[in-house]
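[1] I'd like to go over a predicted model; first the sequence, then the structure.
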Amino acid sequence: MMDDKIYFIKKAYELLDRATPLTYDCGKLCGGRCCKGDGNTGMWLFPYEEDLLKNIYGFEIKDCEGNFGYKMIVCNSTCDRKTRPLACRIYPYFPMITENGYDVRADIRGISGCPVLYENIKPDYSFIRQVRKVARLFDRDDILKNYINNINSMLDEIENFAKEFV
Ligand code: SF4
Ligand code: SF4
């Protein structure tokens, strides 16, 4: 059963295997800032993703506060691109499932660290299209759909909170 569910994550990885936010290596803008963790900060895992990544060398899976019961993964600042988590593949964006269909938003959690967001650089359309396809894919599974909706509600709250201080 779980193998069936892992299909969704594997398929999402495939959709984002080659797609990157910009047409060039955005790590050149910032020295690859989002890969320079401190051993305690990690990437939030999607449902089912832990099962796929738990035995990958170089990754450590840890409990995580705030990720709706799912864990996070900590890397040692290097990885095999083929096994990088979904959070890394979509950063600094996040898929949305709305009444009108599927969409993609900037992930406000990256606003202070990622120049694509704070310099307002237009993302590559084909990347956005692939993230949107992940939204459509995950809409087929209630647990993934709920997770996406929960994260979007959280991002709404952060955005609203941030607006109060502008
Ligand atoms: S922080 Fe943003 S610009 Fe820098 S490597 Fe990560 S996604 Fe690219
Ligand atoms: S898993 Fe890979 S892509 Fe993700 S933060 Fe670590 S080094 Fe970067």
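    Yep, it's here. Ligands and ions are numbered 1, 2, ... in the order given.
[2] what does this protein put close to ligand 1?
    Within reach of ligand 1 by CB under 6 Å from any ligand atom, the chain has these residues: 21, 26-27, 29-30, 32-34, 91-92, 113-116. Where you see a C-beta, it was placed from the backbone N, CA and C, and this is true even at glycine.
[3] give me the buried entries from the residues you listed.
    Among those, those classed as buried by 16 or more other CB atoms under 10 Å are Pro21, Cys26, Cys30, Cys34, Tyr91, Pro92, Cys114, Val116.
[4] the closest residue to the second one other than its chain neighbours and Phe127, how far apart?
    Distances taken as CB to CB, 6 or more residues apart in numbering place Val116 nearest to Cys26, at 5.8 Å, with adjacent residues excluded. Using CB to CB, to the nearest Å, one obtains 10 Å as the distance from Val116 to Phe127.
[5] list residues touching both of the two?
    Pro21, Leu22 (CB atoms under 8 Å, 6 or more residues apart in numbering).
[6] mean confidence score for the longest helix seen in the chain?
    Scanning the chain for the helix with the most residues, using DSSP state H, yields helix 142-163. For helix 142-163, mean pLDDT rounds to 97.
[7] since that was my last question, I'll sign off now.
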